[in-house]
Every structure is written in structure tokens, then in C-alpha cells.
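Engineer: Just to be clear, the model below is a prediction. Sequence and coordinates:
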Amino acid sequence: MDVTEKFVNIAVKLEKPFNAFFDVPYTEDEIYEQVKTFKCGKAPGPDYVCNEHIIYGGNTLLKWICYIFNTILKCEDIPLLYRHGIIIPLYKGNNKDKSNPNSYRAIVLTSFGFVPEHGAIPALYTLKECINVFMKSKSKLYVGFLDNEKAFDKIWHDGLFFEIERNRCNWKIMEYTFMSYKSASAHVQYNGLTSDNFSISQGVGQGDQFILDANAEHSITYNIITTLIKYDLFAFLETYVNEDYIPEKVLWSKIVRQSIEIYEENRWKSNLENRNELKRYSKIHPTLCGHRLIRLTVLYPDAKLELLVLVALGSTAIKKATCTLCNKESFDIIKHLIMECHVLLTERNVMFYKIVDEPSIPKYVDIFNLDDDDLLQVLLGAVNDTVYDLDPIDWSRMMYYIAKHVYPMFKKFRHVLFENRFNFEF
Ligand SMILES: [Zn+2]
């Protein structure tokens with residue numbers, strides 16, 4: 001069987017209908033239009049096929065290229081070789097440190113090009129058209145130039161697929177993107193040396209702008225704008241445009257970070273305030289920054305498990321459950337187990353004596369005069385009025401010992417949580 005027959009056979013077997021974006025198969029003319037724009041004297045991809053080969057390959061080769069592309073569309077699979085690129089590190093110059101990888105731009109020579117709608121020329125065309133339209137209507141046109149250089153290198157592939165999926169794009173676009181980027185690989189070539197192959201898990205191909213539809217809502221740029229609006233950053237941009245002032249990169253990233261923090265923090269707080277079952281948790285972990293007790297696990301790796309148990313107990317919702325130790329029903333099972341259940345009286349006393357006897361716990365912390373609710377909060381890591389002015393080092397040490405002594409008691413009642421189907425990992 002010759003190659004032609006093989007191809008025809010594969011094509012016939014594929015019954016999947018073409019649709020929407022990929023509806024129309026590539027034509028030889030279309031490919032010829034692109035081939036005409038190829039420049040000679042360029043480095044070949046990993047297949048060692050140069051532009052010259054394609055330009056001078058004539059109609060016969062064109063026919064085959066067209067065949068291959070349409071088979072790719074139909075099969076929804078891109079040949080491995082097409083997903084492999086050669087990375088050439090290009091020194092950025094400007095006296096940048098030559099030993100620092102960031103001083104090099106990674107240029108990928110990929111085999112899959114031919115994507116007609118993408119690249120700088122259409123962007124320039126669009127810009128020119130915009131200028132024309134606005135000049136005719138004699139109105140102002142503001143143009144935002146987005147430095148996507150680093151952003152696109154660092155696009156997180158799974159996030160990209162999530163976005164495409166969320167935007168309810170055509171499944172074929174999803175498949176196509178997925179196959180182009182998943183299992184993409186490359187090797188680095190430098191000074192005649194060749195590295196091993198490695199897989200690429202971030203970055204998009206140059207010129208792949210991901211405006212996937214006539215509708216611009218499917219573009220990364222659109223997402224950036226909605227993100228700016230969401231975090232109240234768009235107003236900044238408007239002011240900058242009006243005042244003809246663009247802040248330094250460092251200042252801008254500070255503004256972005258602060259705006260996001262403020263927004264997320266407020267959202268977090270209002271979510272907690274509206275939910276009674278999270279009241280204790282909101283006292284223990286009132287801000288969005290890392291949980292204090294989780295940070296302590298770095299300081300005290302030997303008490304990691306014990307500290308994480310405290311975090312889990314403090315994060316558990318206030319929920320009604322039956323204590324299988326004393327058969328009483330409690331509206332707050334965590335409080336009942338740690339502070340009230342009479343079956344655990346001995347264990348509780350042992351725990352409290354040990355904590356009180358701990359020399360590292362400053363005597364002026366009068367935690368045992370607190371009411372049950374406040375004491376429980378302190379035990380689970382809250383910084384309330386009583387421990388507020390405690391030196392952070394003293395507080396850390398105190399929590400270390402509390403975690404060590406709460407843990408044995410927890411072992412006695414953990415089964416109650418499992419029996420009540422609490423989602424508990426420990
Ligand atoms: Zn009980």
C-alpha cells in the first residue's frame with residue numbers, strides 16, 4: 001500500500017464531522033499564500049526541513065502538506081515531531097549578566113507555523129484600521145500596548161485549558177490546543193551543543209494570541225481587562241492615560257499586589273461574616289495571609305502533624321453532631337469534645353495541667369481565666385485580646401506546646417469526627 005492509499009484510508013475511517021472554527025479544511029491555495037511569505041536562509045526545525053524545501057517543493061509537496069494539515073484537523077492529533085521545538089538561547093545584550101539565564105531570550109524554532117490569523121501583521125492591520133476609523137469620526141483613540149513577552153512565556157497550560165473550557169469554546173479548539181501544548185517538547189541548542197529533550201509545561205508559541213473566535217471575549221487580553229476591572233485597577237489605567245503618566249514596573253506591580261490583596265481580603269471577610277458555622281474559624285484565621293500555625297510548622301518541623309491537627313480542628317465548621325462517647329447531641333461538636341465531654345475529663349485535665357506546667361508559657365498569659373469559647377479559640381491558634389500583646393516568639397513556643405499536648409487528647413476523640421462523617425484527614 002503506498003502512502004496515498006494509507007492517507008485516504010485514514011481519512012475515510014474518520015467519521016467525525018468538522019464543525020464551527022475548524023469547519024473548513026485547509027486548501028492548497030491557502031497554504032500557498034502562506035508559503036509565499038516564507039523567507040529563505042532560515043534555520044530548519046527539528047525535522048531539518050528548510051523553508052527552501054517547501055518553497056521549491058512545488059505543487060506536489062503543497063498537496064501533501066495540505067493533506068497532512070487536514071488529517072491533523074480530522075484526527076485531532078498533532079504528530080510528535082510537530083510538537084517538538086529547538087530552543088536557541090539568544091543573549092539580550094545591554095551588558096546583562098551572561099551567566100544569568102534571564103539574560104537570554106528563548107527563541108523556539110517550531111515546526112508548526114502556518115496559522116494565518118496570528119502574528120504581528122494582523123495586529124498592525126487592526127491598529128491601522130482603528131486609527132482610520134477614529135480619525136474619520138474625529139474622536140480620540142487610546143491604544144494600550146501590552147508587554148506580553150514574559151507573560152506568554154509563562155502561561156500556565158492547565159490554566160489556559162481551564163480558560164478555554166470556561167469560555168465554552170468549541171470542543172475542537174480545546175482538543176487542538178490541548179494536543180498542541182500537552183506533550184510539547186524541546187531541546188536546547190547552543191554553540192553546536194545539543195541538550196536532552198524535555199517537556200514544556202508553560203508558554204505559548206510566538207504569535208499565538210488565542211483570540212479564538214470572532215468574539216474577543218475568548219482572548220487573553222480580554223481576560224486581563226476583566227481582571228483589571230475586577231480588582232479595581234482599570235481606574236488606575238484611565239488616570240494614567242488621562243495624565244499621560246505610566247508608573248515604573250516596580251510601582252505598578254506593587255499597586256497590583258495591593259489591590260488584589262484588598263479585594264480578596266474583603267471578599268474573604270464578608271464570606272466568613274455571613275456564615276455562623278465559620279465564626280470560630282474567622283477568629284482563628286482572620287486574614288488571608290498564610291495561617292499562623294502552618295507557618296509554625298516550618299519553625300517546629302517535629303510538631304508538624306500536631307500543628308496541622310490544630311489547624312484542622314480550628315477550621316472545622318461549627319456543626320451539630322452526636323458525640324459517640326457520651327451519646328449526647330452537641331451543636332458544636334469540636335467544642336464539646338475539647339472542652340465539655342465528661343468521658344474525656346481525665347484526658348482533658350492531663351492536657352491542661354501539662355500546658356499550665358509548660359515553663360515556656362508566660363505566666364502572665366491568663367488563658368485559663370477565659371471562658372470556654374475564648375479559651376478554645378486560643379488553643380486552636382487565635383490571637384484574641386488575651387494573647388494579643390504576647391511576644392510572637394513566646395506565642396509560637398506556647399502554640400508548639402499546646403499542639404503537642406492537644407494531640408494525645410485528639411487521638412482519643414478523632415473517631416467521633418469520623419463517625420459523624422467530618423471530612424478529616426488525620
Ligand atoms: Zn461527649
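Structural biologist: Cool, the structure landed. Worth saying up front: this structure is predicted, and the values here are computed from it rather than measured.
Engineer: Ends of stretch 357-373, what's the gap?
Structural biologist: 22 Å (CA to CA, to the nearest Å).
Engineer: what about that stretch, average pLDDT?
Structural biologist: Averaged over stretch 357-373, pLDDT sits at 74.
Engineer: try stretch 416-426
Structural biologist: Mean predicted confidence for stretch 416-426 is 83.
Engineer: What are the buried residues along that stretch?
Structural biologist: By neighbour count on 16 or more other CB atoms under 10 Å, the buried set for stretch 416-426 is 416-417, 420, 422. Where you see a C-beta, it was placed from the backbone N, CA and C, and this is true even at glycine.
Engineer: now, which of those residues sits nearest the ion?
Structural biologist: Val416 (7.4 Å; CB to the ion).
Engineer: which residue sits closest to that closest one in space, ignoring its chain neighbours?
Structural biologist: Distance criterion CB to CB, 6 or more residues apart in numbering; nearest residue to Val416, sequence neighbours excluded, is Thr324 at 5.2 Å.
Engineer: and Ile86, what element?
Structural biologist: Assigned by DSSP states H and E, Ile86 falls within strand 84-91.
Engineer: for the helix or strand where Arg280 lies, packing partners?
Structural biologist: Following DSSP H and E, one finds Arg280 within helix 279-284. Packing partners of helix 279-284 (3 or more CB pairs under 8 Å, 6 or more residues apart in numbering; DSSP states H and E): helix 249-273, helix 304-315, helix 372-379.
Engineer: What residues sit buried inside that helix?
Structural biologist: So, applying 16+ other CB under 10 Å, buried residues of helix 279-284: 279-281, 283-284.
Engineer: cool, and stretch 318-338?
Structural biologist: Neighbour counts over stretch 318-338 (16+ other CB under 10 Å) mark 318, 321, 323, 325-326, 330, 332-338 as buried.
Engineer: Same check on stretch 242-253?
Structural biologist: If you call a residue buried by 16+ other CB under 10 Å, then stretch 242-253 has no buried ones at all.
Engineer: same check, this time on stretch 290-306
Structural biologist: Residues 291-293, 296-297, 300, 303, 306 are the ones in stretch 290-306 that count as buried (16+ other CB under 10 Å).
Engineer: Least reliable of the helices and strands packed on helix 279-284 by average pLDDT, please.
Structural biologist: Among these, helix 249-273 carries the lowest mean pLDDT, at a mean of 85.
Engineer: Show residues contacting the helix holding Arg280.
Structural biologist: For helix 279-284, the surrounding residues in contact (CB atoms under 8 Å, 6 or more residues apart in numbering) are 269, 272-273, 314-318, 334, 373, 376-377, 380-382, 384.
Engineer: What is the burial count for Tyr82?
Structural biologist: 19 (other CB atoms under 10 Å).
Engineer: quick one on the thing from earlier: are any of the contacts of helix 279-284 buried, and if so which?
Structural biologist: Using 16+ other CB under 10 Å, the buried members of the contacts of helix 279-284 are 314-318, 334, 376-377, 380-382, 384.
Engineer: count of neighbours near Val387?
Structural biologist: By other CB under 10 Å, the residues close to Val387 number 21.
Engineer: sorry, that was for Met398
Structural biologist: Counted with other CB under 10 Å, Met398 comes out at 21.
Engineer: what's the spacing between it and the ion?
Structural biologist: Noted for Met398: a distance of 27 Å to the ion, by CB to the ion, to the nearest Å.
Engineer: Distance check, that residue against Gly290.
Structural biologist: To Gly290, Met398 is 19 Å away according to CB to CB, to the nearest Å.
Engineer: same deal with Arg421?
Structural biologist: 29 Å.
Engineer: same check, this time on Ala186
Structural biologist: Distance of Ala186 to Gly290, computed by CB to CB: 35 Å.
Engineer: How about Phe38?
Structural biologist: Distance, Phe38 to Gly290, using CB to CB: 52 Å.
Engineer: so who does Pro408 touch?
Structural biologist: Taking CB under 8 Å, 6+ apart, one finds 347, 350-351 in contact with Pro408.
Engineer: correction: Lys230
Structural biologist: Contacts of Lys230 (CB under 8 Å, 6+ apart): Tyr263.
Engineer: about what we covered before: can I get the buried residues of stretch 416-426 in JSON lines with secondary structure and distance to Ile78?
Structural biologist: Shown next, in JSON lines, are the buried residues of stretch 416-426 (DSSP: H, G, I helix; E, B strand; the rest coil; distance: CB to CB, whole Å):
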{"residue": "Val416", "secondary structure": "helix", "distance to Ile78": "54"}
{"residue": "Leu417", "secondary structure": "helix", "distance to Ile78": "49"}
{"residue": "Asn420", "secondary structure": "coil", "distance to Ile78": "51"}
{"residue": "Phe422", "secondary structure": "coil", "distance to Ile78": "47"}
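Engineer: Just confirm Asp196 contacts His187, I think it does.
Structural biologist: Yes. Under the criterion of CB atoms under 8 Å, Asp196 makes contact with His187 at 6.5 Å.
Engineer: Looking at the two, which one has more neighbours?
Structural biologist: Per other CB under 10 Å, whichever of Asp196 and His187 has more neighbours is His187, with 14 against 6.
Engineer: Just confirm that one is within a helix.
Structural biologist: No. Using DSSP: H, G, I helix; E, B strand; the rest coil, the assignment for His187 is strand, not a helix.
Engineer: Tell me how far it lies from Ile86.
Structural biologist: Counting by CB to CB, the gap from His187 to Ile86 is 6 Å.
Engineer: cool, Ile355 as well?
Structural biologist: The value you get for Ile355 to Ile86, if CB to CB is used, is 63 Å.
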